[in-house]
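Novice: Mind folding the following:
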Amino acid sequence: MLKINYLLALLIGITVACSTKKETSENDLGEAGLVAGSDEDAHGCKGSGGYQWSALQKKCVRLFEDGMELTPVKATQGTVAYLLFTSPDEDAQAEVFLPGESVGRILAKKPGDDAGTWTLDTLTLRQWKGMYTLTGRGEVDLYQGHPKDESTGTATATDPVPDVVTMLQGKWQAVDDPKAVFAIKDSTLTTYYEGKKRVTNTFAYVADCGGNACSGRKGKYGCFTTAGEFDIDCQSIFSLSATELEVSQGVSGKIVRYRRPQ
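Specialist: I've put the predicted structure just below:
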């Protein structure tokens with residue numbers, strides 16, 4: 001009888017101990033199944049709060065609040081990237097956070113470059129007319145963005161219409177047919193082939209692509225029209241930087257890429 005009571009007491013003790021251990025474990029883990037404080041990285045940045053470490057600013061930051069949002073040039077590139085500087089007045093280095101990477105990449109500014117060019121391996125960041133463009137291998141445009149307006153928290157560019165017009169000025173060479181070139185100078189657009197001048201038309205920038213030759217197609221940066229003696233054509237601008245242009249041509253909607261000739 002004593003032996004039975006002893007075994008019974010032992011079983012009850014084990015059951016209570018297991019229950020207590022289970023409750024303690026569940027309390028420590030919390031609802032998310034994480035040990036308290038385990039969402040902090042080596043620098044103490046809490047991922048659950050949206051924070052991650054900036055090696056450039058040497059503090060925990062929330063990129064969607066502290067960084068400049070860079071949107072993909074092409075939809076197939078996925079989500080946004082973010083850009084940070086040491087401070088608004090210090091831009092000797094730039095830190096870029098690419099999608100899927102928890103650690104930023106620090107790019108160094110090229111000496112004597114007043115316009116602003118930062119490089120690291122195959123990545124190049126350029127600032128021109130208030131627009132930041134990140135390019136990858138082969139000088140392919142990856143992401144673009146403007147600084148935030150502190151009063152509204154949204155990305156902005158100063159006087160965007162003249163900005164686009166200015167960026168379009170100069171020569172552009174077709175990527176698929178390098179013999180085809182066009183040049184915009186003020187309000188004229190001249191096409192060339194194999195170095196020979198072909199046609200000169202009137203050039204105009206259109207912020208609202210709706211109607212007329214543009215047929216309602218909207219480009220990210222508006223459209224531009226070329227008018228000859230008898231017709232008018234419209235091209236929607238889907239991508240634009242200091243070195244690369246991508247447009248949808250005329251009624252066909254064919255996507256054509258251009259680069260600045262070397």
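Novice: For the closest residue to residue 117 other than its chain neighbours, list the residues it contacts.
Specialist: Leaving aside its sequence neighbours, residue 117 sits nearest to residue 110 (Cβ to Cβ, 6 or more residues apart in numbering; 4.7 Å). Using the backbone N, CA and C atoms, a C-beta is placed for each residue, glycine as well. Applying Cβ atoms under 8 Å, 6 or more residues apart in numbering, we find residue 110 in contact with 117, 118, 119.
Novice: Do me a favour and average the pLDDT over the longest strand along the chain.
Specialist: In the chain, with assignment by DSSP state E, the single longest strand is strand 196-206. Averaging pLDDT along strand 196-206 gives 89.
Novice: by contact count, what packs against it?
Specialist: helix 160-168, strand 188-193, strand 223-227 (3 or more Cβ pairs under 8 Å, 6 or more residues apart in numbering; DSSP states H and E).
Novice: how about a cut-off of 6 Å?
Specialist: strand 188-193, strand 223-227 (3 or more Cβ pairs under 6 Å, 6 or more residues apart in numbering; DSSP states H and E).
Novice: Could I get those in a markdown table, plus columns for mean pLDDT?
Specialist: Formatted as a markdown table, the helices and strands packed on strand 196-206 follow (pLDDT from 0 to 100):
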| stretch | mean pLDDT |
| --- | --- |
| strand 188-193 | 93 |
| strand 223-227 | 83 |
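Novice: between those strands, which gets nearest to residue 136?
Specialist: When the helices and strands packed on strand 196-206 are compared by Cβ to Cβ, strand 223-227 sits nearest residue 136, at 26.5 Å.
Novice: Now find how far off-centre the closest one is within its chain.
Specialist: Relative to its chain's centre, strand 223-227 lies at 27 Å (Cα atoms, centre = their mean, to the nearest Å).
Novice: just stretch 62-76 next, same as before
Specialist: Going by Cα atoms, centre = their mean, where stretch 62-76 is centred and where its chain is centred differ by 4 Å.
Novice: Repeat that for stretch 172-191.
Specialist: With Cα atoms, centre = their mean as the basis, stretch 172-191 stands 27 Å off its chain's centre.
Novice: which outside residues touch it?
Specialist: Applying Cβ atoms under 6 Å, 6 or more residues apart in numbering, the set of residues contacting stretch 172-191 from outside is 168-169, 171, 192-194, 198-201, 203, 226, 245, 257-259, 261.
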